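[1] The following block contains a protein sequence and its predicted model.
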Amino acid sequence: MELVEAIILSVLAASTPLLIAATGELVTERAGVLNLGVEGMMIVGAACGFGGAWLTGSTIIGALCGIVAGTLLSLVFALMTLGLAVNQVATGLALTILGIGLSGLIGAGFVGEKITPAPHLHIPGLTDIPLVGRILFGEDAFVYLSLALVIAVWLFLYRTRAGLVLRACGDNHVSAHALGYPVLRIRMFAVMFGGACAGLAGAYLPLAYTPFFIPGMTAGRGWIALALVVFSSWLPGRLVIGAYLFGAVTILQLHAQGAGVDLGQLEEVVDQMGQPLGLLPDGAVIAGHRLGVLHHPVLDGLVL
Amino acid sequence: MQLVLEKRAERSHTIALVSPLIAIGLTIVTMSILFAILGKNPISALVVYFIDPLTDGYSLQELVVKATPLVMIAIGLSLCYLANVWNIGAEGQFLIGAVAGSWLAVKTQGTDAGFWVMPAMLLLAAAAGALYALIPAICKVKFGASEILTSLMLVYVADLVLDYLVRGPWRDPAGFNFPTTAEFDPVATVPVLIEGGRLHLGAIIALVVVAAATILLGRTIKGFEIRVVGAAPRAARFGGFNSDQLILLTFAISGALAGLAGIIEVAGPVGHLQPGISPGYGFTAIIVAFLGRLNPIGILIAGLFLALTFIGGEQAQIAMKIPLDVTKVFQGILLFYVLACDSLILYRFRLIFASRQVPSGTG
């Protein structure tokens, strides 16, 4: 049973960065912008987050550094796509290429250093309950934060006026503009929120997941977060299921190897194969309709 | 007072010509600042990056060797982008092409197979690359799945397939457990053009591809259809062009070219199959395609320029201890500037003064 507990704990840890990054991107896409630079913002968030925590010794400052870094990069993206009406796909890719280089430069000084990982919650009594105690009451703060974030985003999107306006910008920007909403400004905030989340998700990796920084440590998680948004059909609730599913596959593969089921790369191939294929059913039903909306260029001549 | 972006009545041809140059200029200024921040002399760093590789014969050959895959992949990608479909997975198609071609090289190793091996490897690689690219294309046409995400995810799959093969079934028994196949036989390698040099037949193939793409886009109806579907989808529909078919076609061509580039790289400069055969050619080619304005001749020039950054980056690392990541930063910034400058071909900035009254009657 200890193995089960260990697996669930590691699944939660592996899923959290995916969940945070995907939640941010979901808001961005709901406003009608596709930011493919999640991987770039995450990796810079990881480097800055580790740098901040290493210099100050504080996990919170580290996380804030990651958030600021992600937000700044997303502002560059917003300036390009919203301000200059540049193609979103190409700009997002440029952001990822730039981010991978930048994180290498920023993180070069930190490679090999160690920090104290983010502490895990410990409530005497509750955390000590066998089996469920550590899973429910013994996580690090980021895990609880990520779930709170999803709930907050759900409440915002479906229970507030501002959320309705944001969704309107994504569903029909012409109508939103005609009704007098500042489409570009709303989209800019959505992009910035996505950037902040990606930066935080990146910072989670060196702050809580592994207490050190290695170049390229996001290892494609940003792209998986993007895929998750499609997988969840742009619904926050399904995002949680999707993130834990993807996290579980990653971890189970590791445990299967450890347990002697040594399929090695082959298993990983199958795992990765599942990711694009997982997109298909949703693609069939929703993506065709929705991505058509998302890929529309920004309105001509709008004022930021 | 407000700064407003407004659409030009027609494309500005002047800006279309100078925008890549402006972008390169701005990138060089930005990089100088970055070098200064890193505590290096910007002038000497730029000389190492952009001038030194052009001064000796070995580097010049290496430049062409590095530009070959970039140009071939970028030509294919430009067809996709012109048709407004987004193949981001050229890196995967490159790797699958390399794997498929290597299969024949591995199977014929040590046999007395004749000169047909090399051409057959090229064909296999092109076919495999095309088929691999058709996966996201078919998913898009049949199910409406986003080709951006599916093609990209397939890069990881290709990477792992290659990894599995060279660590497992195809590993060189005499290779000291290194994850690599044995060196290919001479009949399974791309011949070099100059005896003892690095320049190989792939460079010629790349030039042929550039010429073919120029003809396809400029002189054939298919090329015209590709451009119309991308630029004016409604007009293409009224014209009766089959856009689904064009998506499949452009993906297949770009996959085939990426696969071809993959096997040429493996059977040429590398000589055997191993992980890490590509320093991100498939992704850098995206920058090449845009820097070259999605035009075959432009792509040829842009490919040589980006190849220069790879070689300059390596030399700068050796000579001035500048981290290799600077090259990535450079490429990212360059793509940003290119895209931003391109925006000015279709749009222009205008200052609008708040005090100015809207003339009555125009609403």
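    Cool, got the structure.
[2] residue ranges with poor pLDDT in the stretch 1-150 of chain B?
    Applying pLDDT under 70 to the predicted model, the residue ranges of the stretch 1-150 of chain B that meet it are B:1.
[3] what does it have sitting close to chain A?
    Within the stretch 1-150 of chain B, the positions lying close to chain A (Cβ under 8 Å from any Cβ of the partner chain) are B:2, B:4-7, B:38, B:86, B:88, B:135-136, B:139, B:143-146, B:148-150. C-betas here are computed from N, CA, C, even on glycine.
[4] Narrow those residues to just the buried residues.
    When neighbours are counted using 16 or more other Cβ atoms under 10 Å in any protein chain shown, those contain these buried positions: B:5, B:38, B:86, B:88, B:135-136, B:139, B:143-146, B:148-150.
[5] From the residues you listed, which land in strands?
    Here DSSP state E is the test, and these give residue B:5 as lying in strands.
[6] Now tabulate the buried ones among the residues of the stretch 1-150 of chain B next to chain A in TSV and tack on distance to residue A:239.
    Shown next, in TSV, are these (distance: Cβ to Cβ, whole Å):
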residue	distance to residue A:239
B:5	34
B:38	40
B:86	23
B:88	23
B:135	26
B:136	23
B:139	22
B:143	21
B:144	20
B:145	18
B:146	17
B:148	19
B:149	15
B:150	19
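[7] Show me the buried ones among the residues of the stretch 1-150 of chain B next to chain A that map onto helices.
    B:135, B:136, B:139, B:143, B:148, B:149, B:150 (DSSP state H).
[8] For the stretch 151-300 of chain B, what lies in contact range of chain A?
    Counting by Cβ under 8 Å from any Cβ, the residues of the stretch 151-300 of chain B close to chain A are B:152-154, B:156-157, B:160-161, B:163-164, B:167-168, B:283, B:286-287, B:290.
[9] how about 7 Å then?
    Counting by Cβ under 7 Å from any Cβ of the partner chain, the residues of the stretch 151-300 of chain B close to chain A are B:152-154, B:156-157, B:160-161, B:163-164, B:167, B:283, B:286, B:290.
[10] which one of those is nearest residue A:93?
    Within these, proximity to residue A:93 (Cβ to Cβ) peaks at residue B:286, which comes in at 5.9 Å.
[11] How many neighbouring residues does that closest one have?
    Applying other Cβ atoms under 10 Å in any protein chain shown, we find 27 other residues in the vicinity of residue B:286.
[12] The residues of the stretch 151-300 of chain B next to chain A: which two are farthest apart?
    So for those, where distance means Cβ to Cβ, the most widely separated pair is B:167 and B:290, at 35.6 Å.
[13] Of those two, give the one with the bigger neighbour count.
    Neighbour totals were compared for residue B:167 and residue B:290, and residue B:290 leads with 27 against 16 (other Cβ under 10 Å).
[14] Phi and psi next, for the more buried one.
    With angles defined as degrees, to the nearest 10, residue B:290 shows backbone torsions of phi -70, psi -40.
[15] where exactly do the strands run in the stretch 1-150 of chain B?
    According to DSSP state E, counting those that start in this stretch, the stretch 1-150 of chain B carries its strands in the segments B:2-7.
[16] Could you check which residue of it lies nearest chain A?
    Closest approach between the stretch 1-150 of chain B and chain A, counting by Cβ to the nearest Cβ: residue B:144, at 2.4 Å.
[17] Spatially central residue for chain A, please.
    For chain A, the residue sitting closest to the mean C-alpha position, by Cα atoms, centre = their mean, is residue A:21 at 0.9 Å.
[18] That residue and residue B:39: what is the separation?
    Taking Cβ to Cβ, to the nearest Å as the criterion, residue A:21 is separated from residue B:39 by 34 Å.
[19] Farthest pair within the buried ones among the residues of the stretch 1-150 of chain B next to chain A?
    Between all members of those, the longest pairwise span (Cβ to Cβ) is found for B:38 and B:143 and amounts to 47.5 Å.
[20] Against the centre of chain A, work out the most remote residue.
    Residue of chain A lying farthest from the centroid, by Cα atoms, centre = their mean: residue A:125 (33.0 Å).
[21] Right, I'll call it a day here.
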